[in-house]
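A.B. asks: structure for this input, please:
(2 chains)
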Amino acid sequence: MIALKVMGISLIMGGCGGWGLAGARRLDKRVEVIRDLRMALGFLEKEITTMFTPLSLALERTAAFCEYPVAGLFMTSSAVLQGKQGATIREAWPEGLAYLLNHSALRPEDLKVLQNVGGQLGMSNASEQKKVFALLQEELKLQEEKARAQATANRKLWSYGGFVLGAVVVILLL
Amino acid sequence: MGAEAKDLVLKEISPYLPAISRGLIEAQSEEFLARVEEIRLRCGQPLMLKLGDEDWTVTANGQPSRSLHLGYRVSEEDIYRSIASISDNSLYAFEEDIRRGFITIPGGHRVGLAGSVDSEGDRVRTIKYFSGLCFRVAREVPGAATGILGEIYAAGGGGLVNTLLISPPRCGKTTILRDLARQISSGKGHPAQNVVLVDERSELAGCFRGIPQLEVGAQTDVLDACPKAIGMMMAIRALSPRVIICDEIGRQEDYSALRECINAGVRVICSIHASSDEDLRRRPVIRELLGGGAFRLGVVLNRSRGPGTVKEIIRWEVS
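C.D. replies: Residues are numbered from 1 along each chain as shown, chains lettered A, B, ... in the order given. Model (predicted):
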């Protein structure tokens, strides 16, 4: 009987603790993804404003440059542009963003600026494009700082919180 | 011929049209499409097609109509989709073309752009907020210049002479100049010659990314999008042409470059906007050039029997 209780306590403590640690990891991951996103957008900017690479190819190259899950944003958008005659970036970009949202720790508010400005990608001259990228970088930097502050503030809460919650559940059950 | 001309519209232009307009145009008959010279999309206005001198539209049911108010109205979204398609969603890659007011698509067809022009002094920076597109169908007419070429050789006693094509707009001078380049550089009936086409407006050779999309002959070099005066001098220095062909001379620097070419022993064939010899002689610089014997032959064109009709051949004697 005692062995069973010990096993139950371990399971509850392990489950709740793991859940808390995963939450803390998600906070850090969010910051990492935003940082990767900024780097990838920097690469895309160079492809557009310096190399004048056609947008579908520029997106594909950017996907090859960065890592999962950020690569998915660019790969999905590029695939939509290349796969359908007459497809526009206004249609392709939201599909890429949907992929990123579903496969990363990002929150909808992190992608707001990308949603607003994304439709302008490619559809103006190089100097206007630079402005678009400058805006994106600036907004994402703010978002990254916000995410980092939230991670710092909540990391311990999530890390210990899971175990505390597990302990509370165990006490209640006992 | 009809099927080929129809294919030109369906295969080379239609993919760049927004879906609705594309459907409406693809529903038209072979005879109708074979005569299309221009397709115009204007924001909030009916879809327009120019067939010779006639303006047509297509109703939302796909019926061709000359009552323009019945035509399918082009939306802002249609214009956006079309320009996105033409530029592959990459307007930044076409900055120079946009500054010049048009983009050339594969096949050599030109898409004229209308919209909000952003300029700085006398220089266009870009066009944004596009409001209208004009697709001009580039058609080759092999043999269009055969008669004129005969006159050029006859006037030169078997050799080429400096020739001026005199024509109001839309009388076929570009088509004839292109065919002259093709025939002279391919040596049809005469020895083939090195030809340089100075194609300032990308109309003669219809270059897409520098490569001619229209047949301009085996020994023709094309200076695409190059100002005529600069191009003529570049050609003399670097490409050793026997003949230089260019379209629509008119600026002071063009005349100076022409003189240089002629003095260098290069034959020049070019076009100028005018409707007669009298019109032409009202321009002091041209009068001076003709007086100095720069040109030996003038060919006046009009549209009385369709584009490219030769109205008059003028032989200017050397004084």
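A.B. asks: where do the strands of chain B begin and end?
C.D. replies: Taking DSSP state E as the test, the strands found in chain B are B:36-42, B:48-51, B:54-58, B:64-65, B:102-105, B:109-120, B:123-136, B:163-167, B:195-199, B:220-224, B:243-246, B:267-273, B:297-302, B:309-315.
A.B. asks: I'd like to check the angle between the helix or strand in which residue A:170 is found and strand B:109-120, please.
C.D. replies: Here residue A:170 is covered by helix A:126-173, with elements defined by DSSP states H and E. If you take axes from the mean of the first three to the mean of the last three CA atoms, to 10 degrees, helix A:126-173 sits at 90 degrees to strand B:109-120.
A.B. asks: which other helices and strands does helix A:126-173 contact?
C.D. replies: If you count contacts as 3 or more CB pairs under 8 Å, 6 or more residues apart in numbering or on different chains; DSSP states H and E, helix A:126-173 packs onto helix A:2-49, helix A:108-118. Bear in mind the C-beta positions are built from the backbone N, C-alpha and C, glycine included.
A.B. asks: can I get those helices in CSV including mean pLDDT and mean neighbour count?
C.D. replies: What follows is those, written out as CSV (pLDDT from 0 to 100; neighbours: other CB atoms under 10 Å in any protein chain shown):
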stretch, mean pLDDT, mean neighbour count
helix A:2-49, 87, 17
helix A:108-118, 87, 16
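A.B. asks: closest one to residue B:279 among the ones you listed?
C.D. replies: helix A:2-49 (47.4 Å; CB to CB).
A.B. asks: the helix or strand just after that closest one near chain B anywhere?
C.D. replies: Counting by DSSP H and E, the next helix or strand C-terminal to helix A:2-49 is helix A:55-65. Yes - counting by CB under 8 Å from any CB of the partner chain, chain B is contacted by helix A:55-65 at A:55, A:56, A:58.
A.B. asks: what sits up against helix A:55-65?
C.D. replies: Residues outside helix A:55-65 that contact it (CB atoms under 8 Å, 6 or more residues apart in numbering or on different chains): A:40, A:43-44, A:47-48, A:51, A:53, A:71-75, A:77-78, A:81-82, A:89, A:121-122, B:88-90.
A.B. asks: again with stretch B:7-19
C.D. replies: A:85-86, B:22, B:25-26, B:33, B:36, B:39, B:41, B:77-79, B:81-82, B:85-86, B:105-107, B:109, B:111, B:135, B:137, B:139.
A.B. asks: can you give me how far stretch B:287-295 is from the chain middle?
C.D. replies: 26 Å (CA atoms, centre = their mean, to the nearest Å).
A.B. asks: residue B:123: how many residues sit nearby?
C.D. replies: When neighbours are defined as other CB atoms under 10 Å in any protein chain shown, residue B:123 has 7 of them.
A.B. asks: repeat that for residue B:108.
C.D. replies: Residue B:108 has 26 nearby residues by other CB under 10 Å.
A.B. asks: identify the residues contacting residue B:40.
C.D. replies: For residue B:40, counting by CB under 8 Å, 6+ apart, the contacting residues are B:47, B:48, B:49, B:50, B:132, B:133, B:134, B:135.
A.B. asks: go ahead and flag the most central residue of the chain.
C.D. replies: Since no chain was named, I'll use chain A. For chain A, the residue sitting closest to the mean C-alpha position, by CA atoms, centre = their mean, is residue A:106 at 3.7 Å.
A.B. asks: that was the other one, I meant chain B.
C.D. replies: Taking CA atoms, centre = their mean, chain B has its central residue at residue B:203, 3.6 Å away.
A.B. asks: on that earlier part again, of the residues of helix A:55-65 next to chain B, closest to chain B?
C.D. replies: Ranked by distance to chain B (CB to the nearest CB), the residues of helix A:55-65 next to chain B are led by residue A:55 at 4.4 Å.
A.B. asks: right, and the residue nearest to the centre of chain A touches residue A:100 too?
C.D. replies: Yes - using CB atoms under 8 Å as the test, residue A:106 is close enough to residue A:100 to be in contact (6.4 Å).
A.B. asks: the residue nearest to the centre of chain B contacts residue B:177, correct?
C.D. replies: No - using CB under 8 Å as the test, residue B:203 is too far from residue B:177 to be in contact (9.1 Å).
A.B. asks: so what's the nearest residue to residue B:290 once chain neighbours are set aside up against?
C.D. replies: Closest residue to residue B:290 apart from its sequence neighbours, by CB to CB, 6 or more residues apart in numbering or on different chains: residue B:316 at 5.7 Å. Residues counted as contacts of residue B:316 (CB under 8 Å, 6+ apart) are B:290, B:293, B:295, B:296, B:297, B:298.
A.B. asks: make TSV from these and add distance to residue B:145 and pLDDT to it.
C.D. replies: As requested, those are arranged in TSV below (distance: CB to CB, whole Å; pLDDT from 0 to 100):
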residue	distance to residue B:145	pLDDT
B:290	22	86
B:293	24	86
B:295	17	91
B:296	17	91
B:297	13	93
B:298	15	93
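A.B. asks: those: which two are farthest apart?
C.D. replies: Every pair of the contacts of residue B:316 checked by CB to CB; the farthest is B:293 and B:298, at 12.8 Å.
A.B. asks: how many residues are close by residue A:171?
C.D. replies: Neighbours of residue A:171 using other CB under 10 Å come to 9.
A.B. asks: so how far is residue A:14 from it?
C.D. replies: Residue A:171 is 16 Å from residue A:14, where distance means CB to CB, to the nearest Å.
A.B. asks: just the pLDDT for the residue nearest to the centre of chain A.
C.D. replies: On pLDDT, residue A:106 comes in at 90.
A.B. asks: which among the contacts of residue B:316 gets closest to chain A?
C.D. replies: Relative to chain A, and with distances defined as CB to the nearest CB, the nearest of the contacts of residue B:316 is residue B:295, at 41.2 Å.
A.B. asks: tell me the domain boundaries of chain B?
C.D. replies: Domain segmentation of chain B under automatic domain parsing yields B:2-136, B:146-315.
A.B. asks: measure the last one end to end?
C.D. replies: Start-to-end span of domain B:146-315 (CA to CA, to the nearest Å) is 18 Å.
A.B. asks: now the domains of chain B in CSV, with distance to residue A:8?
C.D. replies: Below are the domains of chain B laid out as CSV (distance: least, CB to CB, whole Å):
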stretch, distance to residue A:8
domain B:2-136, 58
domain B:146-315, 71
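A.B. asks: ok, back up a step: format the residues of helix A:55-65 next to chain B as JSON lines; extra columns: neighbour count and pLDDT.
C.D. replies: What follows is those, written out as JSON lines (neighbours: other CB atoms under 10 Å in any protein chain shown; pLDDT from 0 to 100):
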{"residue": "A:55", "neighbour count": "26", "pLDDT": "93"}
{"residue": "A:56", "neighbour count": "22", "pLDDT": "92"}
{"residue": "A:58", "neighbour count": "26", "pLDDT": "95"}
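A.B. asks: so which residue of the stretch 201-319 of chain B comes closest to chain A?
C.D. replies: Taking CB to the nearest CB, the stretch 201-319 of chain B has residue B:209 as its residue nearest chain A, at 11.1 Å.
A.B. asks: how near is that residue to residue B:203?
C.D. replies: 16 Å.
A.B. asks: same thing with residue A:90?
C.D. replies: Distance from residue A:90 to residue B:203, by CB to CB: 32 Å.
A.B. asks: I'd like the distance from stretch A:88-107 to the chain centre, please.
C.D. replies: Stretch A:88-107 has its C-alpha centroid displaced from the chain centroid by 10 Å (CA atoms, centre = their mean).
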